[in-house]
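A.B. asks: Generate a structure from the sequence data that follows.
(chains A and B)
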Amino acid sequence: MFRVMLYTQWKWSRLIILLGTVAAFALPIISLQGAARADRNPLEAQDLLRTVHSWGTLYPVLAAALGLLVAMAGWAPDHRGRHVHALTLPLPRWRYVLLRCAGGAVLLAIPVAAVLAGALFATATATLPPGLQGYPLALAVHFGLAVALAYAMFFAISAGTARTAGIILGVFGALVVVQIVAGVANLDVDLMSPLQIVVLGSAGPFAIFTGRWMLVDV
Amino acid sequence: MTNVIEIDRLHYRPGKGFALSDLSIHVPAGAIYGFLGPNGSGKTTTIRLVLGLLRPQSGRITVLGDQMPADAPKILARVGYVPEQPHLDPTLTVAELLRFQAAFYPTWDGARAAQLLRQFDLDCERLFGRLSKGQKAKVMILLALAQQGDLLVLDEPTDGLDPVVRRDILAALIEYVSQRGAAIFISSHLVHEIERICDWIAVMDDGRLVTEVPMEQLKNGTKRLRVAGAPATLGPTPFALFAREPDTAAAETWVVGEWKPEMAGYFPGIGAALQEVIDLDLEDGFVELLRSFRAGGSEGSA
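C.D. replies: Here you go, the predicted structure:
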């Protein structure tokens, strides 16, 4: 049962997974291009850290994009068929959802593994300035958790109706509108900063997307 | 188990307008049960309730001896379903759809599926989304039949198909019933199609059940009578009187149901003369039944 579910999800999301895997493998390697190579002078430790940090901002973007696209691809055929096929299969609905969720999660393990492979390759082939160290496993775990969180969130939203997605977007849109109106009216209302702290702060549910995404650090 | 589907005093109201009210239906085991009604009468809603896709506000639905929706997975393992609109993933090939379906049904018959593929002349490697309307209908029927269920629920399965495809599908259904003794619950507004294959019939209108009778009873019992000299007001009649219309100055036309030849003796008793009994086909009977139902029921019956 899981095998056919996984196969269908692979068919729907293979392009996303393949492109995501290439990007996930390439990102750590590109981020360490400034490190010492036989054919050119190495960057100073500070410059290398700055470069790695700059490239690091792409990891959460890639994680969120993969989570979003795989979650959407997993539900799109069911939405197209108005869920009639899924709901007439002889298994409890929670089990069908679990199979779909697990199928996507298994596929997302491929780009996560690609980050690990790319990071191991990059740190193994680069000569790091003294005092710096590679953290390929920590980076891969960080990326894996971010992918898992993004996937879980977008999977839940995609599983719902267009109305549910509309309500979520509507609430967010209303906050933005209130903020803009308050700004135009010179009112001292700041909804975004507290929201940002609650959502992305160290104790927030999406804190995993923030922080340092460093393949190489002190 | 004498009935494969039993619906008892079902009530379902999805919004402010349409409602299924006080619906009771009994589909006997082994029957081909036609579910007739005009568009929007509640046929598809009833089918969705039977399959557990919708939840009723009140009433009881028993399918193959188990309660729906409480026992939905158990019931659905024994039910083949073909919806009105294609519901399968258009990006999968026919072979992939077969493999997908087979994984969920323990009674899946691969040999039967292969035989139906040949019989329906379907290309395994074509995407479902690229098939013609008739081929899509055949794939959906194939999946429902290869599941080897005890009940097939078909929602307008041949609507909009050409006569050749329609005939192929109906032939496969009849063969399935004769081989397995399964029951078929088939909704349609194509009266002639229902007339050809069904042995029971239910008629719906505006969310209510108009009638539920064996096909022969509806076909043979619905007549048009030419009656002369009938009084303006009638007491109870031994048949169901659907309509009464003036014909000529001396005679009028009655449309009746539940008619039997011995009921001709009723007319001398009211001082009238029965001049002619005209057979109606199912379509005429269906139309008269609906007209009478919409006018508020028969004027008198036994």
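
A.B. asks: Counting by contacts, list what the helix or strand of chain A with the lowest mean pLDDT packs against.
C.D. replies: Lowest by mean pLDDT, DSSP states H and E among the helices and strands of chain A is helix A:192-200, with a mean of 78. Helices and strands touching helix A:192-200, as assessed by 3 or more C-beta pairs under 8 Å, 6 or more residues apart in numbering or on different chains; DSSP states H and E, comprise helix A:162-184. For every residue, glycine as well, the C-beta is placed using N, CA and C.

A.B. asks: relative to helix A:192-200, how tilted is the helix it packs on?
C.D. replies: When axes from the mean of the first three to the mean of the last three C-alpha atoms, to 10 degrees is applied, the directions of helix A:162-184 and helix A:192-200 differ by 140 degrees.

A.B. asks: Which segments of the chain make up each domain?
C.D. replies: Looking at chain A here, since you left the chain open. Domain segmentation of chain A under automatic domain parsing yields A:2-160, A:162-209.

A.B. asks: try again with chain B
C.D. replies: According to automatic domain parsing, the ranges for chain B are B:3-214, B:222-294.

A.B. asks: okay, those, which one's buried deepest?
C.D. replies: Mean neighbour count, computed with mean count of other C-beta atoms under 10 Å in any protein chain shown, is highest for domain B:3-214 among the domains of chain B, reaching a mean of 19.

A.B. asks: Between the two ends of that one, how far is it?
C.D. replies: The straight-line separation of the ends of domain B:3-214 (C-alpha to C-alpha, to the nearest Å) is 14 Å.

A.B. asks: starting at the chain centroid, how far to that domain?
C.D. replies: Counting by C-alpha atoms, centre = their mean, to the nearest Å, domain B:3-214 is centred 10 Å from the centre of its parent chain.

A.B. asks: so B:E288 makes contact with B:T222?
C.D. replies: Yes: with contacts counted by C-beta atoms under 8 Å, B:E288 reaches B:T222, the gap being 6.7 Å.

A.B. asks: what touches both of the two?
C.D. replies: B:F242, B:V255, B:L280 (C-beta atoms under 8 Å, 6 or more residues apart in numbering or on different chains).

A.B. asks: Contacts only, for the residue positioned nearest the centre of chain A.
C.D. replies: For chain A, the residue nearest the mean C-alpha position is A:A63 (1.5 Å; C-alpha atoms, centre = their mean). Contacts for A:A63 (C-beta under 8 Å, 6+ apart) come out as A:F143, A:A146, A:V147, A:A150, A:F209.

A.B. asks: can you tell me which of these are in helices?
C.D. replies: If you go by DSSP state H, the contacts of A:A63 have A:F143, A:A146, A:V147, A:A150 in helices.

A.B. asks: between those residues, which has the most around it?
C.D. replies: Counting neighbours by other C-beta atoms under 10 Å in any protein chain shown, the top entry in the ones in helices among the contacts of A:A63 is A:V147, with 28 neighbours.

A.B. asks: Settle this for me: that residue is touching A:L108, isn't it.
C.D. replies: Yes: the pair A:V147 / A:L108 is scored as a contact, 5.3 Å apart, by C-beta under 8 Å.

A.B. asks: Residues in contact with both of these two, list them for me.
C.D. replies: A:L66, A:G67.

A.B. asks: Near chain A, which residues of the stretch 1-150 of chain B are found?
C.D. replies: Counting by C-beta under 8 Å from any C-beta of the partner chain, the residues of the stretch 1-150 of chain B close to chain A are B:51-53, B:72-77, B:79, B:81, B:83, B:86-92, B:96, B:99-100, B:103-105.

A.B. asks: Tell me which of the residues you listed fall in helices.
C.D. replies: B:A72, B:P73, B:K74, B:I75, B:L76, B:E96, B:R99, B:F100, B:A103, B:F104.

A.B. asks: biggest helix in chain A by residues?
C.D. replies: Taking DSSP H as the criterion, chain A has its longest helix at helix A:93-125.

A.B. asks: The helix or strand following that helix pairs with which strands, parallel or anti?
C.D. replies: Moving toward the C-terminus from helix A:93-125, the next helix or strand (DSSP states H and E) is strand A:133-134. Take DSSP bridges as the rule and strand A:133-134 pairs in its sheet with strand A:216-217 (antiparallel).

A.B. asks: Of all residues in chain B, which one is nearest the centre?
C.D. replies: Nearest to the mean C-alpha position of chain B, by C-alpha atoms, centre = their mean, lies B:F35 at 1.6 Å.

A.B. asks: tell me which element it is part of?
C.D. replies: Secondary structure assignment for B:F35, by DSSP H and E: strand B:32-36.

A.B. asks: for B:R224, same thing?
C.D. replies: Taking DSSP H and E as the criterion, B:R224 maps to strand B:223-228.

A.B. asks: Measure how far that strand is from the centre of its chain, please.
C.D. replies: 29 Å.

A.B. asks: for chain B, what are the nearby residues on chain A?
C.D. replies: Checking chain A against chain B by C-beta under 8 Å from any C-beta, the hits are A:1, A:3-4, A:7-8, A:11-12, A:77, A:80-82, A:84-85, A:87-92.

A.B. asks: of those residues, buried ones?
C.D. replies: Among those, those buried by neighbour count (16 or more other C-beta atoms under 10 Å in any protein chain shown) are A:4, A:7-8, A:12, A:77, A:80-81, A:84-85, A:87-91.

A.B. asks: All set, thanks.
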